[in-house]
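1. fold the stuff below for me.
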Amino acid sequence: MLKKLIKLVFIFGILYQTPIYSKSTSFNDFNSRDLSNYFSGIIAYENQNNSKALKFFNLSKVLLNKHDSYLKRYVNSLVLDNKVPQAINVIKNNGNKDNADFYDAYLILIIDSLKKNNFDEAEEYLTQSLKFQDQNRINLVIFETLKQYIYTFKNKKILNNKKNFGNLSLIAETFQRCYLKDEKTGAFFLNLINNQQGDYSRYIFFYLNYLIDKNKINEAENVVSQFDYINSTILLSQSKSWVENKKFKEFNKIFSCQNHKDIVSEFLFLASNLYSSQDNFEKSNFYLNLSNYLNPKFEFNLSLVAENYYLNEEFNKVRKIITKFNKKDEFYYWFRLKKEAQIIVEEQDYDNAIKFITAKYNQIDNPNLKMQFDIANFYKNSKNYEKAIEYYSQIILSLDDQSELRADLFYRRGGSYERLGDYKKADEDLLNSLNINPDDAYVLNYLAYSWLERDYKIDQAMEMLKRAYESKSNDPYIIDSIGWAYYLIDDYNEAEKYLKRAVELMPEDPIVNDHYGDILWKLNRKIQARYFWNNVLKFDDTEDGMRKKINIKVIEGLKNS
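-> Coordinates of the predicted model:
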């Protein structure tokens, strides 16, 4: 609260002392209550407490026409609170004023026009927003892509002279061709899905939607046979389930290529993903809510909103969103249960989370492999390794001997055995994993590190780590392992090179800091060594056993050195 008060005083000071603001806003004309509510709204807005911000902004509407930044923040708060129609009305009621002249306002008006099937009006607003397109790269991409879409919707053909944004343009043209029922649509979808420059697996759903709309059921069934439940996204897993259970009508219920609103909604979802990947969750949710406004049928997209809120530790908002996922769509319902369990971990502990997720899991008739896999991972993460092994074993027994999924399951089960100290079974599983996939850097790293810790097969472990490092030279865990290997063979100078880099990549990892401290001690840099050991004691996730050992090191240093 004190920080917020200081920030409020600071904002008041800046606004009163800056000539530009003093001329344009005339704060002397406002009463103290309006100003207090407004600045409280700003603080809540900047602290990402949007509901609270909206409450304060609503109490200070007298500033709507008098302060340049007020309208922008108010509109953004409305959209973030999923009140898009109200945001539209506020913008339109202030449409002739200078403070309504900002990029997001035009974007919202374009969306409103498309919602009302008014392509001419959408085109006009797009032209007015032209001056803002160079504010950042994403604005430019959004402007140009909307320009192409609106042209296609209006003229029933694809714009010839257009800017190219690589695969983003390929996505846009694929949907435009789908909208126009172009005969090359299928080829464009396949080109997009098989693109090696990124993960475009989401578009398998839209390809399936296209095939089913064309009544090409056999082709759709062939597509879903090529991916599994365990390694697929929720959307793809749900799509696979629909196809396998002949629920083909479910696809068209949430998306149609012939509906321009659905297509632009998907584009806005893509923009939301771009912002989410940059950890800009506020902007991501802004675009997600606009996407949902255009196509409220595609409720599955709300899973990204839930993830954004979860990462921002807004757990009540997560709970509110995930109630939309019910048992009818089993994979999204399972996503809901997992997210509820994750919240219990954060608010309570793993024991209560395990009780919750296990009780829910036991109520599911014939849980699929994805659910079994997830519950096994949940047990492993909670350090209940015996139970994790039980579930991993069930899945392994259910798979064909030729299934490549076995490699990952052997890796996970082997790791569980290793944590229990059953090294014979651990080594057997990890080697079985490498027999299936001999170049898996993470399995090579895990097994080699385990051997190093046991002072077992040091030379072979070193060779395995070098192979892992060649494959994943920027992975901090692998860098830590190879550095530690050099430490164990007394090559402290070489070890320091790797561990220094590992600490730079993972500055808050207890094990990496501990390892680096040990190496520095061996290099007679004892003050620095104690600094990194003390770091370990400050980390919340440092285990009690490690904490005891570090306390001894800080006092006595490394023994026998």
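2. not counting sequence-adjacent ones, nearest residue to residue 112?
-> residue 88 (4.8 Å; Cβ to Cβ, 6 or more residues apart in numbering). For the C-beta atoms, the positions are set from N, CA and C on the backbone; glycine is no exception.
3. contacts only, for the one you found.
-> Contacts for residue 88 were tallied using Cβ atoms under 8 Å, 6 or more residues apart in numbering; they are 108, 109, 112.
4. how about those in TSV, adding distance to residue 310?
-> Listed next are those as TSV, based on distance: Cβ to Cβ, whole Å:
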residue	distance to residue 310
108	26
109	31
112	30
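5. would you format those as CSV with pLDDT and distance to residue 156 included?
-> Compiled in CSV, those are given as follows (pLDDT from 0 to 100; distance: Cβ to Cβ, whole Å):
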residue, pLDDT, distance to residue 156
108, 94, 26
109, 94, 24
112, 95, 22
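6. looking at the residues you listed, spot the one nearest residue 434.
-> residue 108 (53.8 Å; Cβ to Cβ).
7. burial measure for that closest one, as a count.
-> 24 (other Cβ atoms under 10 Å).
8. next one: it from residue 291, what distance?
-> Using Cβ to Cβ, to the nearest Å, we find residue 108 at a distance of 12 Å from residue 291.
9. residue 384 contacts residue 353, correct?
-> No: applying Cβ atoms under 8 Å, one finds residue 384 not in contact with residue 353, separated by 11.1 Å.
10. same drill for these two, tell me which one is more crowded.
-> Neighbours per residue (other Cβ under 10 Å) separate residue 384 from residue 353, with residue 353 holding more: 22 against 16.
11. quick one: the closest residue in space to residue 211 that isn't next to it in sequence from residue 214, how far?
-> Setting aside the residues directly before and after it, residue 211 is nearest to residue 220 in space (Cβ to Cβ, 6+ apart), at 4.4 Å. Residue 220 sits at a distance of 9 Å from residue 214 (criterion: Cβ to Cβ).
12. which of these two has more neighbours?
-> For residue 220 versus residue 214, the count of surrounding residues by other Cβ under 10 Å is larger for residue 220: 23 against 13.
13. give me the distance between the more buried one and residue 403.
-> Taking Cβ to Cβ, one finds residue 220 at 23 Å from residue 403.
14. give me the below-cutoff pLDDT ranges for the protein.
-> When residues are selected by pLDDT under 70, those of the chain lie in 1-70, 95-100, 135, 560-561.
15. quickly list the domain ranges of it.
-> Domain ranges of the chain: 2-155, 182-257, per automatic domain parsing.
16. residue 364 and residue 337, how far apart?
-> Residue 364 sits at a distance of 9 Å from residue 337 (criterion: Cβ to Cβ).
17. would you map the helices across the stretch 451-561 of the chain?
-> Listed in chain order, the helices found in the stretch 451-561 of the chain under DSSP state H, counting those that start in this stretch are 458-471, 476-488, 492-505, 510-522, 526-538, 544-556.
18. for the residue lying closest to residue 102 once chain neighbours are set aside, the count of nearby residues, please.
-> In space, not counting the residues next to it along the chain, residue 102 is nearest to residue 72; the distance is 5.3 Å by Cβ to Cβ, 6+ apart. For residue 72, the count of nearby residues is 17 (other Cβ under 10 Å).
19. residue 72: which element?
-> helix 68-80 (DSSP states H and E).
20. same for that helix, what does it pack against?
-> For helix 68-80, the contact count by 3 or more Cβ pairs under 8 Å, 6 or more residues apart in numbering; DSSP states H and E identifies helix 32-46, helix 50-58, helix 84-93, helix 103-115, helix 281-294 as packing neighbours.
21. from residue 133, how far off is the residue lying closest to residue 129 once chain neighbours are set aside?
-> Across the structure, with Cβ to Cβ, 6+ apart as the measure, the residue nearest residue 129 apart from its sequence neighbours is residue 106 (3.6 Å). In this structure, residue 106 and residue 133 are 10 Å apart, going by Cβ to Cβ.
22. of these two, which one has the most company?
-> When residue 106 and residue 133 are compared for neighbours, residue 106 comes out ahead with 22 against 17, by other Cβ under 10 Å.
23. check contacts around the more buried one.
-> Contacts for residue 106 (Cβ under 8 Å, 6+ apart) come out as 125, 126, 128, 129, 132.
24. quick one on the thing from earlier: residue 364 and residue 337: who's more crowded?
-> residue 337 (21 against 14).
25. now do the same for the more buried one: helix, strand or coil?
-> Following DSSP: H, G, I helix; E, B strand; the rest coil, residue 337 is assigned to helix.
26. name the helix or strand for the residue lying closest to it once chain neighbours are set aside, please.
-> Excluding the flanking residues, the one nearest residue 337 by Cβ to Cβ, 6+ apart is residue 360, at 4.8 Å. Taking DSSP H and E as the definition, residue 360 sits inside helix 350-362.
27. what's the answer for residue 151, then?
-> helix 137-155.
28. quick check: angle from that helix to helix 281-294?
-> Helix 137-155 runs at 10 degrees relative to helix 281-294, counting by axes from the mean of the first three to the mean of the last three Cα atoms, to 10 degrees.
29. flag every buried residue along helix 137-155.
-> 139, 141-153 (16 or more other Cβ atoms under 10 Å).
30. do the same with stretch 171-183
-> Along stretch 171-183, these residues count as buried under the neighbour rule (16+ other Cβ under 10 Å): 171, 172, 173, 174, 175, 176, 177, 178, 179, 180, 182.
31. and the closest residue to the fourth one other than its chain neighbours, how far from residue 536?
-> To tie it back to what came earlier, the one meant is residue 174. The shortest distance from residue 174 to any residue that is not its chain neighbour, by Cβ to Cβ, 6+ apart, is 4.2 Å, and that residue is residue 188. Residue 188 sits 53 Å away from residue 536 when distances are taken as Cβ to Cβ.
32. among these two, which residue is more densely surrounded?
-> Residue environment comparison for residue 188 versus residue 536 gives the larger neighbour count to residue 536, 25 against 21, counting by other Cβ under 10 Å.
33. would you confirm that the more buried one contacts residue 548?
-> No: with contact defined as Cβ under 8 Å, residue 536 and residue 548 do not form a contacting pair (11.3 Å).
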